[in-house]
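**Student:** Okay, sequence plus prediction incoming.
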Amino acid sequence: MISAYNLGALFDPELGGDNPALIDCLDWDAPRYYSHREIDDAANACARGLLRRGLVRGDGVAILSANRAEYLIAYLGILRAGMSAVLISYKFPGALIDYVLEDSASKYLLCDGPRRDVFSTDIPVTDFDGTGDEGFAALMDPGPFEAIRPDDDDVAMVLYTSGSTGRPKGVPLTQNGHLWAMRGRMGKWPYNHHRLLVAAPLYHMNALLTLLFGHAASTLTVLLPEFDAQTYLQAIERFKCTWITSVPTMLAMSFMEEELLQSLDLSSVSIVRMGSAPVSPKLWARVGEVFPGADIMNGYGTTEAGPMVLGPLPGRAVPPMSAGFQVAGVDLKLIDGNGEEADEGVLWQRTPANTIGYLNLPEKTAEVITPDGWYNSGDVFRREADGAYYFVGRDDDMFVCGGENIYPGQVESILVGHAGVEQSCVVPVPDEIKGEKPIAFVVRTPGARVSADEVKQHALANAPAYQHPRMVIFLDELPLVGPGKVDRKGLEARGRQIWQDEER
C-alpha cells in the first residue's frame, strides 16, 4: 500500500531504489533505460525548474507529446510543484490545441519536436527535443524537492475528451481522488517482479494511470511512443513483458499480423488487461489462444469517475467477458428507461475520484453530474445475480428500428462470431418505415472471403431479425478516433451517404 500524499511523488526508495523503472522505446533501435531513482531525481529537477521559471502553485502546465520518458518526468514534476498537468492529444489539429490551451488557461507548455510548430498560441514552451534555452535540459534544476501537500480540491490534471462530436471537454481530476484510485489498484502485492507494456497514449487515462501504477509499484514499464501492431508484439518478446495493457482494438489489430505472431515467443505474458472499449467473445477467445494461461480481464472506468469502478474482488475471479464487480468505496446504480433502478440500464457512478465538473461548462456539468455527486456515464450495463457487470452499449449509440432498441455492440458481437469476420462496426441509417435500420462495416479475417450475404445470414441465424445489417460494407481496417476507439460517428456519416447513394 502506498503512503504517498502527492500523486506526483510515488517513489518508494526501499522498494524501487536503483531498480529498473522504465524502458523508453522512442528510439526503437536504441531504447533508453531509467531506474526508479533516476526518474525521481529528474521529477524533482523538473519541479524546481518550473518554479524557477516563475510558475506558482495552481498554474496549469500543458503537455503535448508522444509517449516518452520526459512525459512521465514532466507530469510528476508538475504535480510535485502543486500545479495541474493539462494533457493534450497530439492527434488534435492545431486549432483544437489552441482551444485547449486557452480553455485551460495553461501558463506553460512542454512538447516534443514534432509538435513544436502545430499550435499558434503565444505561450512559454519547453521542447523535449530542443536545445539551448528552450530545451528540456535548460528547464531542469537538479536538487532535492519536497512535494507540495495538496488540499482536498487541488486539481492534479485536466484530461480532454476526444472532441469527435464537437469541441473537447476539459475534465479536472483531483490529487486526492486519484491517490484513492491508485491505492485501490495497489491492493495486491507484490507487483515489482512484473514488466508492464504501455502503448496507448498518455493523454488518456488508461495508459497514464497504468504508467503511474507501475512507478508506484516499483515495477518496470516498457513504454512505446505510440501503438503500432508489429512493434507492440515485438516489444513483448524483446523485453519479456509479463503484463500487457491495451484497448481491445489494439489487440484485434495485432492479431491480424499472423505471420509475425507465429514467429514470436509471447510466453512471458501472464496478465492481459484491456480497457476503454467493449470486447467481443471472439476477441476474448483469441486473447486466450495467443496468451494461454494468462489472467485476462477487460476493466472498466471513465475519465469523469476514475478507473476504479468495476474490477476483481478478493477471492472472486472476474467471469469471462465481464467488466468485474462493484469495488469497495464506490456507489453504483443502474437506471432504466423509466428512471427506475434495475438490473439493466445506464450506469451511474459516485467515487472519490469523480471530476469536480467539466471545465468552464456548468450547463454540461449539470446534465451528467447531480448536486450529490452522481455521474451519469451514459454506458448501459447488465448486472447478473452474482453481482458481475456486463457492458451492453452506449446509451447515445442506441437507435430504434421498428420499435425495437438496438445497441450496436450487441450486433457487432454477433457478427464477429463468424469465422470470416475480424472486426465490425454497426451504425444506423434512416428508413421511412422502421425509423432507422442497421448497416455494418466489416473487416474480414485475414485470408477469409466471406460475402455480404453470408454476414447477413449469420446475423439472421444468431440474432433477432430486426438486428441483422441491411447492408455490409467491407473495409481493410476500421478508422480510429482517440486511443484505439473506432470512429463510430465518422462511419455513421459515411454509411448514411453510401446508403443514400444506393437508394437513388
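**Tutor:** Good, I have the coordinates.
**Student:** Going by C-alpha atoms from here, please, whenever you check contacts or count neighbours.
**Tutor:** Will do.
**Student:** Show me the strands in the stretch 151-300 of the chain, by range?
**Tutor:** 155-160, 170-174, 195-198, 220-223, 243-246, 271-274, 295-298, 300-302 (DSSP state E, counting those that start in this stretch).
**Student:** mean confidence score for the shortest one?
**Tutor:** Spelled out, it's strand 300-302. Strand 300-302 shows a mean pLDDT of 86.
**Student:** That one pairs with which strands, parallel or anti?
**Tutor:** When pairing is defined by DSSP bridges, strand 300-302 lines up against strand 306-311 (antiparallel).
**Student:** on that earlier part again, turn the strands of the stretch 151-300 of the chain into a markdown table, including mean neighbour count.
**Tutor:** A markdown table is the format used below for these (neighbours: other Cα atoms under 10 Å):
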| stretch | mean neighbour count |
| --- | --- |
| strand 155-160 | 26 |
| strand 170-174 | 25 |
| strand 195-198 | 26 |
| strand 220-223 | 26 |
| strand 243-246 | 22 |
| strand 271-274 | 20 |
| strand 295-298 | 21 |
| strand 300-302 | 20 |
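**Student:** Ok, which of these comes nearest residue 446?
**Tutor:** strand 243-246 (21.3 Å; Cα to Cα).
**Student:** residues in contact with the closest one?
**Tutor:** 194-200, 207, 269-275 (Cα atoms under 8 Å, 6 or more residues apart in numbering).
**Student:** At the geometric centre of the chain, which residue do we find?
**Tutor:** Closest residue to the average C-alpha location of the chain: residue 206 at 3.6 Å, with Cα atoms, centre = their mean.
**Student:** what about stretch 154-162, distance to the chain center?
**Tutor:** Centroid separation between stretch 154-162 and its chain, computed with Cα atoms, centre = their mean, to the nearest Å, is 13 Å.
**Student:** Pull the residues that contact it.
**Tutor:** Defining contact as Cα under 8 Å, 6+ apart, one finds that stretch 154-162 is touched by 7, 58, 79, 82-89, 100, 104, 168-176, 203-205, 303, 481-482.
**Student:** re the thing from before, how close does the residue nearest to the centre of the chain sit to residue 139?
**Tutor:** According to Cα to Cα, to the nearest Å, residue 206 stands 28 Å off from residue 139.
**Student:** what does residue 326 give?
**Tutor:** Between residue 326 and residue 139 the computed distance is 44 Å (Cα to Cα).
**Student:** and if you look at residue 478?
**Tutor:** Separation of residue 478 from residue 139 (Cα to Cα): 41 Å.
**Student:** try residue 286
**Tutor:** Taking Cα to Cα, one finds residue 286 at 47 Å from residue 139.
**Student:** Tell me where the chain has helices.
**Tutor:** Per DSSP state H, the chain carries helices over the ranges 36-52, 69-80, 94-103, 136-139, 175-185, 205-216, 229-239, 248-254, 258-263, 281-290, 362-368, 408-415, 452-462, 488-503.
**Student:** now the first one: how far from the chain's centre is it?
**Tutor:** Pointing back at helix 36-52 there. 26 Å.
**Student:** how far off helix 69-80 does it point, in degrees?
**Tutor:** 60 degrees (axes from the mean of the first three to the mean of the last three Cα atoms, to 10 degrees).
**Student:** which residues sit against helix 36-52?
**Tutor:** 9, 11, 13, 16-22, 73-74, 76-81, 139-145, 215, 218.
**Student:** List the buried residues in it.
**Tutor:** Across helix 36-52, burial judged by 16 or more other Cα atoms under 10 Å covers 36-51.
**Student:** Out of the residues you listed, which comes closest to residue 3?
**Tutor:** Of the buried residues of helix 36-52, the one sitting nearest to residue 3 (Cα to Cα) turns out to be residue 40, at 15.7 Å.
**Student:** before we move on, the earlier item: just the contacts of strand 243-246: which has the poorest pLDDT?
**Tutor:** residue 275 (78).
**Student:** If you tally nearby residues, what's the number for that residue?
**Tutor:** A count of nearby residues for residue 275, using other Cα atoms under 10 Å, gives 21.
**Student:** Likewise for residue 129?
**Tutor:** Neighbours of residue 129 (other Cα under 10 Å): 15.
**Student:** got it, and residue 68?
**Tutor:** Residue 68 has 23 nearby residues by other Cα under 10 Å.
**Student:** And residue 486, by the same measure?
**Tutor:** If we define neighbours as other Cα under 10 Å, then residue 486 has 18 of them.
**Student:** next one: residue 12
**Tutor:** Residues within reach of residue 12, counting by other Cα under 10 Å, total 18.
**Student:** from now on call the first residue 576
**Tutor:** Sure, I'll start numbering at 576, so the last one becomes residue 587.
**Student:** Just confirm it contacts residue 789, I think it does.
**Tutor:** No. With contact defined as Cα atoms under 8 Å, residue 587 does not count as touching residue 789 (11.7 Å).
**Student:** List the contacts of residue 1016.
**Tutor:** 999-1001, 1047-1050, 1053, 1066.
**Student:** Reformat those residues as JSON lines; add neighbour count, distance to residue 910 and pLDDT.
**Tutor:** Formatted as JSON lines, the contacts of residue 1016 follow (neighbours: other Cα atoms under 10 Å; distance: Cα to Cα, whole Å; pLDDT from 0 to 100):
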{"residue": "999", "neighbour count": "26", "distance to residue 910": "28", "pLDDT": "92"}
{"residue": "1000", "neighbour count": "25", "distance to residue 910": "26", "pLDDT": "92"}
{"residue": "1001", "neighbour count": "29", "distance to residue 910": "25", "pLDDT": "93"}
{"residue": "1047", "neighbour count": "22", "distance to residue 910": "33", "pLDDT": "94"}
{"residue": "1048", "neighbour count": "16", "distance to residue 910": "35", "pLDDT": "95"}
{"residue": "1049", "neighbour count": "17", "distance to residue 910": "36", "pLDDT": "96"}
{"residue": "1050", "neighbour count": "13", "distance to residue 910": "36", "pLDDT": "94"}
{"residue": "1053", "neighbour count": "20", "distance to residue 910": "32", "pLDDT": "89"}
{"residue": "1066", "neighbour count": "20", "distance to residue 910": "29", "pLDDT": "93"}
